[in-house]
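Student: pasting the structure only:
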């Protein structure tokens, strides 16, 4: 398989630089931008890898995308769904993209979701349906026989939506696609956060939000006529949807798509796709770089060429310097250049993007005094012993047209230089609010600084960080802070220490629980092995965890809970759901490696 180009496969035409268009004729929404691209000579838009490899590919031009989207739009318009909500629950792939733009073209509001398969997914899907009350659900044909099972999860008072089942045959039906001008209606999208099952929050995004996010990212990326993208991220997540699919259509460059399941099963497939298709830009959360480093074999490594990469965005939770170092050491000999890496910060409430490292610059890392950080202070630890210092990676400069203020949450006053506070954001990427939650929306999206006389409002992100030399550094999540004996401990730092403590440990989650003398630290660790294997080496693994946490963070865990791989609840973007883990631990429902009846009891307290 040869690499992609913008004239590959017989598709002529060059990439448009939207920033160079005449602003008076600039399309004002993504469905209108798709119409523009489909009106020009054929150009490759998406290449889908159905099995995660380059052995079998599905190529779509913008004409193909517009035709398939028109088929969806015609179906929705016949149902008179302009201005109504449509849940998009297809499997990742080109049909997902077509349905998204078909919803837009019909003037409906898209509600991206995951397919309702599996007990946990069905329960969360039901909670989303109850919250947004859609008229239609677009799903894969394979789910057609499971509608009754799903609807049984809904409360009796909830109106049952109708279903549209999509497969290749659906698009071949003799129904003329709707190619009328897009009916751009607001809101464009309801993006649900990766929160708890019983408390979904739908973020209301406008078409202006979606385009603003693309423009902000493009200001960081710059213009490259040979750009080719690759993504395996879930298309129902903000980074996978707004940060790849929408961005590619807006910018006019081809995007290689693969399923997140194929990446998780074999992380090598991501880097092999980059190699095969000469990808120049990609994206992945911090854990993806860890998986690649730990799972790709020496034989697989020899087949990779990452020299075409010029931009690799890395977001999610605070980016780990240790992760970056290991990835560079492993893949540097295969052409990977760390200057291509772009640590970034964003959140769904800001559509996606807030800040990122400028393309081509070196990754900036601050060595900070760990004790000072625990007291909310930023103090250099240059030359200090590694165990007394923390390495914090910069998330770059704030997006053009946006503002970030670091605020002391209790007083709502700007933090002094050298102080850690909550990150507040303003700018055109900031969403309108949460669906049907006016009080929470006012508190989160229209916060004002104390004693402020102006009308300026901010989005309260709930994240902690600081600004230094014009760049944003994220230190943790306000709600996840572990406060023990007056010290602020950042859970992601302790979790990293746990994972590094023993080679049989994978995921980790830490949190505090009330104890007899105050808050106590609990560590949950996923053990890669059987219960019998853990029993045989329990003391060794436990001692390693306790020693690492105590030595590196100055606090001894009150309990260490070992569970199987997958025991720790995660968001759809791969973030640890610490609050859900804490609740499961307290309720006694958190999975634990069970011992056979003939095994000795295992105590880790």
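Tutor: Now that the structure is in, tell me what you want to look at. The shown structure was predicted, so the numbers you read here are calculated from the model rather than taken from an experiment.

Student: mind telling me what element residue 138 is part of?
Tutor: strand 136-140 (DSSP states H and E).

Student: partner strands of that strand and their direction?
Tutor: Next to strand 136-140 in the sheet, as set by DSSP bridges, lie strand 85-89 (parallel), strand 162-166 (parallel).

Student: any idea which helix or strand comes after it?
Tutor: Following strand 136-140 toward the C-terminus (DSSP H and E): helix 147-151.

Student: residues making contact with that next one?
Tutor: Contact with helix 147-151 is made by 116, 122, 125-126, 143, 160, 163, as judged by Cβ atoms under 8 Å, 6 or more residues apart in numbering. Where C-beta positions appear, they are placed from N, C-alpha and C, glycine not excepted.

Student: and the lowest-mean-pLDDT helix or strand in the chain, what does it pack onto?
Tutor: The helix or strand of the chain with the poorest confidence is strand 487-489; it has a mean of 76 (mean pLDDT, DSSP states H and E). Judged by 3 or more Cβ pairs under 8 Å, 6 or more residues apart in numbering; DSSP states H and E, strand 487-489 is in contact with helix 370-374, strand 482-484.

Student: which stretch in those has the least confidence?
Tutor: With a mean of 79, strand 482-484 has the lowest mean pLDDT of those.

Student: buried residues in that one?
Tutor: 482, 484 (16 or more other Cβ atoms under 10 Å).

Student: equivalent analysis for stretch 507-527, please.
Tutor: Buried-residue list, stretch 507-527, by 16+ other Cβ under 10 Å: 507-512, 519-527.

Student: those: which two are farthest apart?
Tutor: 519 and 527 (25.5 Å; Cβ to Cβ).

Student: any idea of the mean pLDDT in stretch 505-517?
Tutor: Rounded mean pLDDT across stretch 505-517 is 85.

Student: switch to numbering from 599
Tutor: Yes, from this point I'll number from 599; that puts the last item at stretch 1103-1115.

Student: what sits up against it?
Tutor: The list of residues contacting stretch 1103-1115 from outside it, by Cβ under 8 Å, 6+ apart, reads 1078, 1080-1082, 1089, 1092-1094, 1096-1097, 1117-1126, 1139, 1143, 1156, 1163, 1165-1166, 1168, 1174-1177, 1179-1180, 1183-1184.

Student: looking at those residues, which are in strands?
Tutor: Per DSSP state E, strands hold the following members of the contacts of stretch 1103-1115: 1080-1082, 1117-1125.

Student: I'd like those as TSV, with distance to residue 948 appended.
Tutor: Listed next are the ones in strands among the contacts of stretch 1103-1115 as TSV, based on distance: Cβ to Cβ, whole Å:
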residue	distance to residue 948
1080	26
1081	27
1082	31
1117	31
1118	35
1119	32
1120	32
1121	32
1122	30
1123	33
1124	31
1125	37
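
Student: skipping adjacent residues, who's closest to residue 692 in space?
Tutor: residue 646 (4.8 Å; Cβ to Cβ, 6 or more residues apart in numbering).

Student: please report how far the one you found lies from residue 963.
Tutor: Computed as Cβ to Cβ, to the nearest Å, the residue 646 to residue 963 distance reads 37 Å.

Student: more neighbours: which of those two?
Tutor: The neighbour count for residue 646 versus residue 963, taken as other Cβ atoms under 10 Å, is higher for residue 646 (20 against 16).

Student: out of the helices and strands packed on strand 1085-1087, which is closest to residue 938?
Tutor: Residue 938 lies closest to helix 968-972 among the helices and strands packed on strand 1085-1087, at 28.9 Å (Cβ to Cβ).

Student: hey, which of the strands paired with strand 734-738 is tucked in deepest?
Tutor: The highest mean neighbour count among these, using mean count of other Cβ atoms under 10 Å, belongs to strand 683-687: a mean of 26.

Student: next SSE after it?
Tutor: Counting by DSSP H and E, the next helix or strand C-terminal to strand 683-687 is helix 692-703.

Student: got the angle between that next one and strand 734-738?
Tutor: Relative orientation of helix 692-703 and strand 734-738, computed by axes from the mean of the first three to the mean of the last three Cα atoms, to 10 degrees: 160 degrees.

Student: and the contacts of helix 692-703?
Tutor: Outside helix 692-703, the residues that touch it by Cβ under 8 Å, 6+ apart are 627-629, 632, 644, 646, 656, 658, 663-664, 666-671, 673-674, 684, 686, 688, 707-708, 710, 736, 738, 764-765, 769, 776, 780-782, 786, 833, 839, 843, 847, 855.

Student: give the ChimeraX command for selecting the buried subset of these.
Tutor: Filtering the contacts of helix 692-703 down to the buried ones (16+ other Cβ under 10 Å) takes a single ChimeraX command:
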select :627,628,629,632,644,646,658,663,664,666,667,668,669,670,671,673,674,684,686,688,707,708,710,736,738,764,769,776,780,781,782,786,833,839,843,847,855
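
Student: which of the contacts of helix 692-703 fall in helices?
Tutor: Among the contacts of helix 692-703, the members found in helices (DSSP state H) are 628-629, 632, 663-664, 666-671, 673-674, 769, 847.

Student: tell me the one of the residues you listed nearest residue 876?
Tutor: Nearest to residue 876 among those, with distances taken as Cβ to Cβ, is residue 847, at 20.3 Å.
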